[in-house]
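>>> what would the 3D arrangement of this be:
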Amino acid sequence: NAQCGACQTAKRGEPFHVPHMTAEFWDEPAMRDALRNRHLGQIIRAWRTHPQQGRQAVSQNLVAAWMGITQTQLSRIETGGPVVHLDRLIEWAKALRIPPHLLWFTLPTNGDSQETLDQSPIGPPPLRSAAEGAAAAENTTDVPLPLDRESDEEDLVDVAGRIQRLRRTVAPEVIDHLRDSLRGAIEGYERSAASTQIHRLVRQRRWIDELVGECGDQAQQRQLFAVAAGVSGLLGYITVGRSRFVLARAYCEEAFQLGRAANDANLQAWARGLQSFCEYYARRYNSAFDFAVDGLAIAGSGPQSVRLAVNGVARSLGKLGDVEGVHRIIGDAYGLLARNEPPSGIPSSISFGCYNETQVASNAATAYVSLGMPEKVDEYISLALPEIIDSGSTWSRSLVALDIAKSCTVSKGDLDRACDAAIEALKISFNKPVVSVEQRATEFVQAATQAWGNVSQVQQVSEALAHYVKGYRVG
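All right, here's what the predicted structure looks like:
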């Protein structure tokens, strides 16, 4: 406009100085809303058209020239288009004299203080003269438009989102609640229906992922990784019980990797124990052995070492027929037990703590069942059985009864006692079928048929097992 003094200033190449807006201007409701929503376009339009100090509205052409963009680009910014260049956005915001405490991207940089920006009579230097800005806009062909989808540069929202995530934390009580929930699930998994547990654990696992994504505090992230490892591990354990080994392997591997992310050796050893458990019931005994040995290397003499030695290594070696190896590792397990503080009562078989003597004895008995050594089986079952009966653990009682039954097949001992024990084992856990009971009952039927033939007592066990498996597959 030939009559516009500001445009004439631009033509003469004189600097375009920014008037200092009052606190009342920034405190107006519309401006507060624009600041709160970080809408630079609304801020520029309000600043450009405000009648403060008797000045006329400043044209888009002049402001665009001063900013070094086209009038079309400025129009798009004012109507809500994104601003691509973060570094220029910061310069514009400072040059507009937006108080630094009102907008995150106007925080002082390069040593500028809020006092300097607010109280300087001339404010920060202009970005460029209006004439220089107009020339730059006219001669530049590669300035990315706000809606240019081909640009490799990020949108301001992407950068702002990352900055916000770096500042976010999770309420400590939330992490405590997550830990308590996991602890309760591990302690009570045998008392709840698997479907109910899985639904709750999957929801919790997804929520933890959301919290990790939102949290910028590294210490809290490690705490969340630790809880997530426990949840994934428990999901893996339950999934093994449902004979879904491919999914269980994925859960258990995830638990190990999360334990590593949490920088928690005990968690990593715990996850290796779950991986060994998974491969044992998938009948991949060499893999079960390898996972347990690696877990022992991680655990050292810590709480998980006892479980890894007797539940992982000893039982795998039993299936592989290594008598001397089983003798040695069971002795090691008792030595490791003495170096830890085993809990009273029978803890969860996947506790983060140490096994107790009853759990060591019952797992040792299982290893000797696989080796066909009934005297050793009787020796260790006599140590474990009283406390297992008192504990009321459904699966432990079923498994010990099946170990007793199968041990009888080696010496072709009391047929009726063996078959009665097997049927009783299936009855005990009939309402909570699990793959470990199914497999041991199947092994008993095979061993009993080989020892005594397809007699009526063995047929009764086979029929009871068929009912058990039917309920197990449906469940």
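>>> His199 - how many residues pack around it?
11 (other CB atoms under 10 Å). From N, CA and C alone the C-beta is placed, and that goes for glycine too.
>>> show the pLDDT at it.
On the pLDDT scale, His199 is placed at 89.
>>> quick one, phi/psi of it?
phi -60, psi -50 (degrees, to the nearest 10).
>>> same question for Ser351.
phi -60, psi 150.
>>> so what's the residue count around it?
19.
>>> for it, give me its contacts.
186-187, 343 (CB atoms under 8 Å, 6 or more residues apart in numbering).
>>> between the residues you listed, which has the most around it?
Neighbour-wise, these (other CB under 10 Å) top out at Ile186, 19 neighbours.
>>> buried ones in the helix or strand where it lies, by neighbour count?
Assigned by DSSP states H and E, Ile186 belongs to helix 172-188. Buried residues in helix 172-188, defined by neighbour count with 16 or more other CB atoms under 10 Å: 175, 178, 181-182, 185-186.
>>> that helix: how far from the chain's middle?
14 Å (CA atoms, centre = their mean, to the nearest Å).
>>> ok, stretch 244-252 next?
Relative to its chain's centre, stretch 244-252 lies at 16 Å (CA atoms, centre = their mean).
>>> show me which residues of that stretch are buried.
Within stretch 244-252, the residues that qualify as buried are 245, 248-249, 251-252, counting by 16+ other CB under 10 Å.
>>> just to revisit the earlier point, looking at the buried residues of helix 172-188, spot the one nearest Ser456.
Lowest distance from Ser456 to the buried residues of helix 172-188 (CB to CB) belongs to Ile186, with 42.3 Å.
>>> and the nearest residue to the closest one once chain neighbours are set aside, helix, strand or coil?
Closest residue to Ile186 apart from its sequence neighbours, by CB to CB, 6 or more residues apart in numbering: Ser348 at 5.1 Å. When classified by DSSP: H, G, I helix; E, B strand; the rest coil, Ser348 comes out as coil.
>>> over to Ser348: give its phi and psi.
Main-chain torsions, Ser348, degrees, to the nearest 10: phi -60, psi 140.
>>> what's the pLDDT at it?
89.
>>> count the neighbours of it for me.
Residues near Ser348, counting by other CB under 10 Å, number 19.
>>> quick one on the thing from earlier: tell me the one among the buried residues of helix 172-188 nearest to Val227.
For these, the closest approach to Val227 (CB to CB) belongs to Leu178, at 4.7 Å.
>>> hang on, isn't the closest one packed against Gln204?
Yes. With contact defined as CB atoms under 8 Å, Leu178 reaches Gln204; the gap is 7.0 Å.
>>> tell me how many other residues crowd the closest residue to Gly372 other than its chain neighbours.
Closest residue in space to Gly372, ignoring its immediate chain neighbours: Val410 at 4.7 Å, by CB to CB, 6+ apart. The number of residues packed around Val410, counting by other CB under 10 Å, is 16.
>>> distance of Val410 relative to Ala422?
15 Å (CB to CB, to the nearest Å).
>>> re the thing from before, thinking the residue nearest to Ile186 is in contact with Ala185, fair?
No. With contacts defined as CB under 8 Å, Ser348 does not count as touching Ala185, sitting 9.7 Å away.
>>> so can I have a markdown table of the contacts of Ser351 showing distance to Val445 and pLDDT?
Shown next, in a markdown table, are those (distance: CB to CB, whole Å; pLDDT from 0 to 100):
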| residue | distance to Val445 | pLDDT |
| --- | --- | --- |
| Ile186 | 32 | 90 |
| Glu187 | 33 | 87 |
| Pro343 | 36 | 88 |
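>>> now distance to Asn431 too, for those residues, in TSV please.
Shown next, in TSV, are these (distance: CB to CB, whole Å):
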residue	distance to Asn431
Ile186	21
Glu187	20
Pro343	27
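>>> of these, closest to Asn61?
Nearest member of the contacts of Ser351 to Asn61, counting by CB to CB, is Ile186, at 68.6 Å.
>>> in this structure that closest one contacts Ile350, no?
Yes. Assessed by CB under 8 Å, Ile186 is found in contact with Ile350 at 6.1 Å.
>>> can you tell me the helix or strand for Thr169?
Using DSSP H and E, Thr169 sits within no helix or strand.
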